[in-house]
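Peer 1: Quick one, what's the 3D model for this:
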Amino acid sequence: MLATLKARGLRMTPQRVAIVRLFAAADSHPTAQELFEHLGPDFPTMSFATVYNTLDALATAGLSSTLRLGNAARFDPNTTPHHHAVCDACGRIVDVPASSLSPAEASIVRVRKAAPGFAVARVERIYRGQCASCALAAAKKTSRASGRAADAS
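Peer 2: Numbers count the residues shown, from 1 in each chain. Presented below is the predicted three-dimensional model:
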């Protein structure tokens, strides 16, 4: 990532290097604000614009993608074809490998029929539900509530 940005003429400041390294290692699909807050103690003079512009440069270079799943844009360093599982309780996002492009190709055909002339750039699926941790917490909460109801009767 760093070499590509440098080749595109972006100055490799210590702040940008830190942003790219932290982002490349992330599996959490961070927002620009999350990266800014994480790096703030080490770079107190760094601006939010530096973080956002670096992430934008990565996306422009094809080294990341931007996810719009809610209020804030999330950035994804995984550029291989994949989908996302999103926990509605805690917001965690997990990459789901795209095992085959045949369903994606089929959906492109459907889009072409429904919207002639529309150029599909990529196909993304978003699975929504609860991650294992949140599902377990919800089950425990339900179990405790059931126990209290039984005790009361």
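
Peer 1: okay, CA-based contacts and neighbour counts for the rest of this
Peer 2: Noted.

Peer 1: Low-confidence stretches in this structure?
Peer 2: 99-106, 146-153 (pLDDT under 70).

Peer 1: From L58, how far out is the spatially most central residue of the chain?
Peer 2: Here the mean C-alpha position of the chain is nearest to the C-alpha of H29 (C-alpha atoms, centre = their mean), at a distance of 3.1 Å. Applying C-alpha to C-alpha, to the nearest Å, the value for H29 to L58 is 14 Å.

Peer 1: circling back: ok, the residue nearest to the centre of the chain touching A72?
Peer 2: No. Between H29 and A72 there is no contact under C-alpha atoms under 8 Å: 11.1 Å.

Peer 1: Can you show me the strands along the chain?
Peer 2: Using DSSP state E, the strands of the chain run over residues 65-68, 73-76, 82-87, 93-97, 126-129.

Peer 1: Which of these sits closest to A24?
Peer 2: Among the strands of the chain, the nearest to A24 by C-alpha to C-alpha is strand 73-76 (8.7 Å).

Peer 1: How far does the closest one sit from its chain's centre?
Peer 2: 4 Å (C-alpha atoms, centre = their mean, to the nearest Å).

Peer 1: do stretch 65-75 as well
Peer 2: With C-alpha atoms, centre = their mean, you get 6 Å for stretch 65-75.

Peer 1: Ok, stretch 81-101 next?
Peer 2: 9 Å.

Peer 1: And this structure, what are its domain boundaries?
Peer 2: Using automatic domain parsing, the domain parsing of the chain gives 1-79, 81-153.

Peer 1: tell me the most buried of those?
Peer 2: Sort these by mean neighbour count, taking mean count of other C-alpha atoms under 10 Å, and domain 1-79 sits at the top with a mean of 16.

Peer 1: right, so of the strands of the chain, which gets closest to A49?
Peer 2: With C-alpha to C-alpha as the criterion, A49 lies closest to strand 73-76 of these, at 14.2 Å.

Peer 1: So what touches that closest one?
Peer 2: 27, 29-32, 55, 64-68 (C-alpha atoms under 8 Å, 6 or more residues apart in numbering).

Peer 1: Kindly present the strands of the chain as CSV, with separate columns for distance to P44.
Peer 2: Converted to CSV, those look like this (distance: least, C-alpha to C-alpha, whole Å):
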stretch, distance to P44
strand 65-68, 26
strand 73-76, 22
strand 82-87, 32
strand 93-97, 29
strand 126-129, 36
